[in-house]
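Visitor: Predicted model follows, preceded by the sequence.
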Amino acid sequence: MAAGGLCWVLRAARQVSPAPSLQARSYYVDWRMLRDVKRRKLAYEYADERLRINAIRKNTLLPKELQEVADKEIAALPRDSCPVRIRNRCVLTSRPRGVKRRWRLSRIVFRHFADHGQMSGIQRAMW
Amino acid sequence: MWSRVRGWGGAAGGSCRLAARLLAGPASGREAAGVARQEGRPRRLCLSSSKIQKLFSTSSVLSTEKVKPTLSEDSTTEVASKSQEGTAETPKQKLLDLIGNMKVEVSYRKKLQQLKTREVKNQATDKLEGMDGEGAVLQRTTEDIKRGKPLNPELVKAVSAVASSLPLNKTQTESELLAQLRRHEETTDKQKKGGVINIRNVISEMAVKRESPAQRGVRISNRISMDFDEDGQRIKSERTSRQSSDSRRSLKVGRRLNIFTKTSTETENALQTVSSPTIWDLEFAKEVAAVTAQPPRNGFEEMIQWTKEGILWEYPIDNETGMEDDAEFHEHIFLEKHLEDFPKQGPIRHFMELVICGLSKNPYLSVKQKIEHIEWFQKYFEEKKEYLQEI
């Protein structure tokens, strides 16, 4: 099941710091991040169907006619439902490149927080 | 209270206090007597007239329970000492000794011992009755016996001493005190009998009893999980029926202990009737929750809030959170029974057997999800039958 890899739908909204203020901003960093969020949602919804149709397509037992039909069916699904279109962007800056998967942060933000001692278990390497 | 007992021990005021406590109430009086008894214990040793004290050590006016251990201890000495000190006691001294020799008996063990030594005490009292010189006391004891439960003759003696010391009408006070004593006796007897029997019953039937709410929870969970497989259904219902029949048999057998009142069932019924909350109730509940939800005062409360919302995991981390799969392993592995609607020969069967093999090895899916997969394939192949028939 591809559902395991698709559980990364983070609502990384740029919200105010933990102090209880009245402003609750629910905007994403930029439109690209928003589109990425939509893609993730759709991919989660259609994950099962895609898996099943691909199982029919990618085997040698079933007749080819059936597989061709399955090809057409999967092509008919919404384009944003395929997981390949998801890009692991930085959660805070929406940077598409230089993102460490474990922290979901771009290298610049990661470095910023690490230097301020706000990354648990991270210290400057020296050997 | 302690200091009062010590200070007023020698004066006439002490007798008044004692009488007041006597007439005040059984429970408070018993406590006071107990306290006084505790105080009196060390005093007893230093006083010279120890034999007189031993005589009257049994005559605690307020409670029969506390009397009994002393009775068992001093019954032998009483007989000897009584003959010696027959005439020398004034009523005030008697009271002094009374207060001085009161004990506190709290342990249940001693009460049980008292029950056992009652017979011994009765023998001792019989002896004392024979030795008693005062005819009036004998008359009273016979009267008491006529009324039903015979009062302790030492108590009666003490009552007479107290009454004689009081300035008011002596016969009246005596009758009142005796009435109080009788009431005490009745209550203590009832408690003792009831308490002992109930505990014996409980202990004898302890193995039988089981928690019904736990059983109910088990039944409900079994009902919920029965939706999956037919084989699973049978096995589970057998188990539960066995358990329930065993428990029912053992529950209904035996005496009723009457420990639990019937109000519990009434509250259950009341709860069931109020099962449909109106929209207004929901709104009100939401309002109340919004008003009472204060912002977190510290980091701990913030973390608690986050855990409730689901933002923060629950620690220690349970790897199976959210995965409440009550199905047994055979339901995960043996999925061939779902393939009954598929053709038994041909490429589709081959394909589905591969699918089942893969699903049986998948630990991340629940049984429901696996069945959904198989059902989807079934539907799909039925729809595409035209393409399949060309082969």
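Guide: In hand now; what should we look at?
Visitor: The host helix or strand of B:W376 near chain A at all?
Guide: In the assignment (DSSP states H and E), B:W376 maps to helix B:367-383. Yes: contact of helix B:367-383 with chain A (C-beta under 8 Å from any C-beta of the partner chain) involves B:369, B:372-373, B:376-377, B:380. In this view, the C-beta of every residue, glycine as well, is placed from N, C-alpha and C.
Visitor: Top of the residues you listed by number of neighbours, please.
Guide: Greatest neighbour count in the residues of helix B:367-383 next to chain A, by other C-beta atoms under 10 Å in any protein chain shown, goes to B:H373: 23 neighbours.
Visitor: gap between that residue and A:Y27?
Guide: The gap separating B:H373 from A:Y27 is 39 Å, by C-beta to C-beta, to the nearest Å.
Visitor: Then A:R57?
Guide: A:R57 is 40 Å from A:Y27, where distance means C-beta to C-beta.
Visitor: do A:R79 as well
Guide: In terms of C-beta to C-beta, A:R79 sits 25 Å off from A:Y27.
Visitor: go on, A:D80?
Guide: A:D80 sits 21 Å away from A:Y27, going by C-beta to C-beta.
Visitor: A:A75 sits in which helix or strand?
Guide: Secondary structure from DSSP H and E places A:A75 in helix A:64-76.
Visitor: which helices and strands does that helix pack with?
Guide: For helix A:64-76, the packing partners by 3 or more C-beta pairs under 8 Å, 6 or more residues apart in numbering or on different chains; DSSP states H and E come out as helix A:47-57, helix B:385-389.
Visitor: for those helices, which one sits closest to B:V253?
Guide: For B:V253, the closest of the helices and strands packed on helix A:64-76 is helix A:47-57, at 53.8 Å, according to C-beta to C-beta.
Visitor: just checking, what packs against the closest one?
Guide: helix A:64-76, helix B:367-383.
Visitor: got the CA positions of the longest helix anywhere in chain A in CSV?
Guide: In chain A, assigned by DSSP state H, the helix with the most residues is helix A:31-45. Output in CSV follows, covering the C-alpha atoms of helix A:31-45 (Å, rounded to 0.1, in the frame of the first residue of the first chain):
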residue,chain,number,x,y,z
TRP,A,31,0.9,29.2,-3.9
ARG,A,32,3.3,26.4,-4.8
MET,A,33,3.0,25.1,-1.3
LEU,A,34,-0.7,25.2,-1.6
ARG,A,35,-0.7,23.2,-4.8
ASP,A,36,1.6,20.7,-3.2
VAL,A,37,-0.9,20.3,-0.4
LYS,A,38,-3.7,19.7,-2.8
ARG,A,39,-1.7,17.1,-4.6
ARG,A,40,-1.0,15.3,-1.4
LYS,A,41,-4.6,15.2,-0.5
LEU,A,42,-5.7,13.8,-3.8
ALA,A,43,-2.9,11.3,-3.9
TYR,A,44,-4.1,10.1,-0.5
GLU,A,45,-7.7,9.7,-1.7
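Visitor: Any part of it near chain B?
Guide: No: Helix A:31-45 stays clear of chain B (C-beta under 8 Å from any C-beta), getting no nearer than 14.2 Å.
Visitor: So which bits of that helix are buried?
Guide: Applying a neighbour-count criterion of 16 or more other C-beta atoms under 10 Å in any protein chain shown, one finds A:33, A:36-37, A:39-40, A:42-44 buried in helix A:31-45.
Visitor: Kind regards, and thank you for your time.
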